[in-house]
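Colleague: I need the structure of the sequence given here:
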Amino acid sequence: MEFVRVKNKIQLKKSLHTLIETNPPIIKMEVNESDFLEMEDVKAIREVNLEFSEGKPFCVLLNTDKGYFNVSPEANKLLASKEFAEKRMAAAFVVNSLATKLAGNFFIKLSKRSSPTRMFTKEEEAIKWLKSFVK
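Modeller: The predicted structure follows:
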């Protein structure tokens, strides 16, 4: 998978990734409303995360302000798996609708044993929580 990094941003086909903090690396991810993430998208997302973190442990901030999107069951299982989350210290979801909250709850149940995951209504609170994972 090839992608172009411009400073602290990488645009994939279905998602935008921004490195917003470096200690720990916090990668903000945004997906457009109504997009459908499949296995190939999720694998590309992991590559971006590892690129931004330089292979070190990182945190993910998923902001759902752009609206509700779907993830295939296979891709969701991969996202929540222990091996996929190996370098992910924590994940925070910023949710603003019932649909994104329900999807977030589903992911949290799937990923219980892979990395700490919480939902927030404000991005600032989510970032503060993720910063608590500095080693």
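
Colleague: show me the strands in this protein, by range?
Modeller: Assigned by DSSP state E, the chain shows strands spanning 5-6, 9-11, 15-22, 25-31, 36-37, 58-63, 70-71, 88-94, 117-120.

Colleague: export these to a markdown table and tack on mean pLDDT, distance to W129 and mean neighbour count?
Modeller: Yep, even glycine has a C-beta here, placed from its N, CA and C like the rest. Rendered in a markdown table, the data for the strands of the chain read as follows (pLDDT from 0 to 100; distance: least, CB to CB, whole Å; neighbours: other CB atoms under 10 Å):
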| stretch | mean pLDDT | distance to W129 | mean neighbour count |
| --- | --- | --- | --- |
| strand 5-6 | 86 | 26 | 10 |
| strand 9-11 | 94 | 23 | 17 |
| strand 15-22 | 94 | 12 | 18 |
| strand 25-31 | 95 | 10 | 22 |
| strand 36-37 | 92 | 24 | 16 |
| strand 58-63 | 94 | 9 | 24 |
| strand 70-71 | 86 | 22 | 18 |
| strand 88-94 | 92 | 6 | 23 |
| strand 117-120 | 92 | 6 | 18 |
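
Colleague: and those: which comes nearest K101?
Modeller: Proximity to K101 (CB to CB) singles out strand 117-120 among the strands of the chain, at 6.6 Å.

Colleague: A75 contacts M39, correct?
Modeller: Yes - using CB atoms under 8 Å, A75 is in contact with M39, at 5.1 Å.

Colleague: look at these two and report which has more neighbours.
Modeller: Using other CB atoms under 10 Å, the more surrounded residue of A75 and M39 is A75, with 19 against 14.

Colleague: contacting residues for the residue nearest to that one when sequence neighbours are not counted?
Modeller: Sequence neighbours aside, V42 is the residue nearest to A75 in space, at 4.4 Å (criterion: CB to CB, 6 or more residues apart in numbering). Counting by CB atoms under 8 Å, 6 or more residues apart in numbering, V42 makes contact with V71, A75, L78, L79, F84.

Colleague: quick one, which of the strands of the chain gets closest to L102.
Modeller: Across the strands of the chain, L102 has its closest neighbour in strand 117-120 (10.5 Å, CB to CB).
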